[in-house]
Structures are given as structure tokens and as C-alpha cells.
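Participant: I would like to see how this sequence folds:
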Amino acid sequence: MLTTRYVTGAPNWLDLGTPDIEGASTFYNALFGWRFEPGPPESGGYGFFQLDGRTVAGGMQSTAEDGPPSWTVYFQTPDADATAKAAEQAHGKVLMQPLDVMDQGRMAILADKAGVPFGIWQPGRLKGLDVTQEPGSLCWIELYTADQPMAAWFYNAVLGLETYGVDFPGGTYTTINPRGESENAMFGGIVPFADAPTEAEGGPYWLPYFEATDVDAVVAEAEERGGLVRMPPTDIPGVGRVARLTDPYGARFAVIRSASAEG
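Facilitator: Residues are numbered from 1 along each chain as shown. The predicted model follows:
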């Protein structure tokens, strides 16, 4: 499971790039109760989505030159420069060179071999998100890609991630977890496009999942406020009730009431 016990290779941060940070803040506040707190002046407009005073994500206003509106997942690294070099050696790209974020940590934006952007975070004063797994917070991530074996190889080479096949009704799901951790430490999966044809539009990508107490209510609220339903609420045996959405600006995300949260 995805936790705040951040180890090398595990997701430790998440942020939103959007052309309208005020509009996005209103949207996610209605869905999850988040409040957007701007950072200090030197943060360049970057701020923090908070739930009951705990940070669940970062966010900032972006432009067309920054790419389409999207959520970016960051992974823990002890050495951002070494990880960026490893990505290049594995035929990925460095989209933003490693840089210090004041005294909070060191970051870079990379792309895997298929061109999927992701971030890395070398913690300084800021270790990572304050909360995960609880309603309104990040609880799972998925990589949608056309080449699962290549993706598994790349993320193992760059972040040390390991994969396991888990049998579900109708097939096998490829899970990912940090190197050296047990299978119970899985925090996400690698999914072929064929399993999510509507999401395949626009190329491969990482998809964040947020825990929700009522998936149907979140979906209804999202639609009312201009979001798009890409997959309606669906029960997946042993997993939970899931829906996939985009916010009004096009950033993709999913919500789930995990089976483990039932009762």
C-alpha cells in the first residue's frame, strides 16, 4: 500500500499543473474538501492543497508551454542527479534538470522511454505528502502504457521498482513496489492501454487515484462542475469501486473506495 513511510522508489509527492489554479482549487474543494494555500513569494506561485491542515498535493498555474494540464507523480530518490543520469542511460529524458527547491529538497522532471513524464524528489526539509490512503488523499497510481515489459525494465533500472503479477478475475494485474520491500508494499500498477481504451487517447501517462468515501457522489459533483467522466463508477471484485475522470481543464485522475475501506 502507498504510505508516508517513504522509501527509495516510492511515490512521495504529487502536483497539479493547471491553467486556472483558482478554478481547480474550487473544483477539488467541492470533491475532496481541499483548500489551496499559496506558498511563500519565492515559490513562484506554487502552493499546497491541504485537507484538515495536512498537505495532500502541490499545485501551480501553468501555461501551454509547460504542457497540457496534468497531475505529476514524484518518486523518492536519495540522489536526484544520479537518478536523472540513470534515466538518460535507460533511454529516457531529463525534461527539467535537477534543481534545489530552497531548503525543501531537490527535484527533477524526467520522462520514461515511452515519453511519460514523472518527477523525482530528494527530500530536504520537506519529506513528502502529509497523508495518504485516507479519504481525499492519494492512495494508488497506475501507469498506462503500450509496452508493459519495457516500462517495468525502465523503472527498475531508474528507481529500483519491482513488479509482481497478481491474479484477478479475467486476468493478471502487474503491481509495482520498491526494491527489497515485500509484495504487500505495492503502491501501483502497470496497465496496458487495451484495458482502458478511453484513457489511451493522448499517449501513455501516470494516473493518480484518490480515496473516496462515496465514489458516485464524487463523480456526480465532478460532472456538475465541468469535469469529464472517462469511466463511470464500476465495482472491481477485491479492489473496490472505481471511476476515472478529468477535471474541467483536462487533468486526469481517478477515485476509488477501496475494498479494504468497506465496513
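Participant: contacts, neighbours, all on C-alpha from now
Facilitator: OK.
Participant: Tell me the helix or strand right after the strand or helix carrying T234.
Facilitator: Per DSSP states H and E: T234 is located in strand 228-236. Going down the chain from strand 228-236, the next helix or strand is strand 240-246, by DSSP H and E.
Participant: Can you name every helix or strand that that following strand contacts?
Facilitator: Where contact means 3 or more C-alpha pairs under 8 Å, 6 or more residues apart in numbering; DSSP states H and E, strand 240-246 is packed against helix 215-224, strand 228-236, strand 252-258.
Participant: Tell me which of these sits nearest to W140.
Facilitator: W140 sits nearest to strand 252-258 of all these, at 9.1 Å, using C-alpha to C-alpha.
Participant: Mind listing the strands that closest one pairs with, and their directions?
Facilitator: Partner strands for strand 252-258, per DSSP bridges, with pairing direction: strand 205-211 (parallel), strand 240-246 (antiparallel).
Participant: And the pLDDT for A194?
Facilitator: What the model reports for A194 is a pLDDT of 65.
Participant: likewise S182?
Facilitator: On the pLDDT scale, S182 gets 75.
Participant: Run through the residues that contact it.
Facilitator: S182 makes contact with no residue, according to C-alpha atoms under 8 Å, 6 or more residues apart in numbering.
Participant: Could you pull up phi and psi at it?
Facilitator: S182 adopts backbone torsions of phi -70, psi 170, taken as degrees, to the nearest 10.
Participant: Let me know which of the strands paired with strand 252-258 is tucked in deepest.
Facilitator: strand 205-211 (a mean of 23; mean count of other C-alpha atoms under 10 Å).
Participant: Do me a favour and average the pLDDT over it.
Facilitator: 97.
Participant: could we number from 420 for the rest of this?
Facilitator: Sure thing, new numbering starts at 420, so read that last one as strand 624-630.
Participant: Partner strands of the strand holding T653, with direction?
Facilitator: Using DSSP bridges, the strands paired with strand 647-655 are strand 659-665 (antiparallel).
Participant: tell me the angle the strand it pairs with makes with helix 634-643.
Facilitator: 10 degrees (axes from the mean of the first three to the mean of the last three C-alpha atoms, to 10 degrees).
Participant: hmm, who's touching strand 659-665?
Facilitator: Contacts for strand 659-665 (C-alpha under 8 Å, 6+ apart): 634, 638, 646-655, 671-679.
Participant: Quick one: mean pLDDT over that strand.
Facilitator: The pLDDT scores in strand 659-665 average 96.
Participant: now it, how far from the centre of its chain.
Facilitator: 14 Å (C-alpha atoms, centre = their mean, to the nearest Å).
Participant: With stretch 594-607 instead?
Facilitator: 16 Å.
Participant: in it, what counts as buried?
Facilitator: 594-598, 602, 604-607 (16 or more other C-alpha atoms under 10 Å).
Participant: same deal with stretch 462-479?
Facilitator: For stretch 462-479, a neighbour-count test (16+ other C-alpha under 10 Å) marks 465-470, 474-479 as buried.
Participant: what's the first-to-last distance across it?
Facilitator: Separation of the first and last residues of stretch 462-479 by C-alpha to C-alpha, to the nearest Å is 10 Å.
Participant: what residues does that stretch touch?
Facilitator: Contact with stretch 462-479 is made by 432-437, 440, 444, 452-458, 480, 548-551, 555-557, as judged by C-alpha under 8 Å, 6+ apart.
Participant: Low-confidence ranges, the chain, go.
Facilitator: 613-621, 680-682 (pLDDT under 70).
Participant: try 50
Facilitator: 616, 682 (pLDDT under 50).
Participant: Okay, helices next: where are they in it?
Facilitator: 440-451, 499-508, 567-578, 634-643 (DSSP state H).
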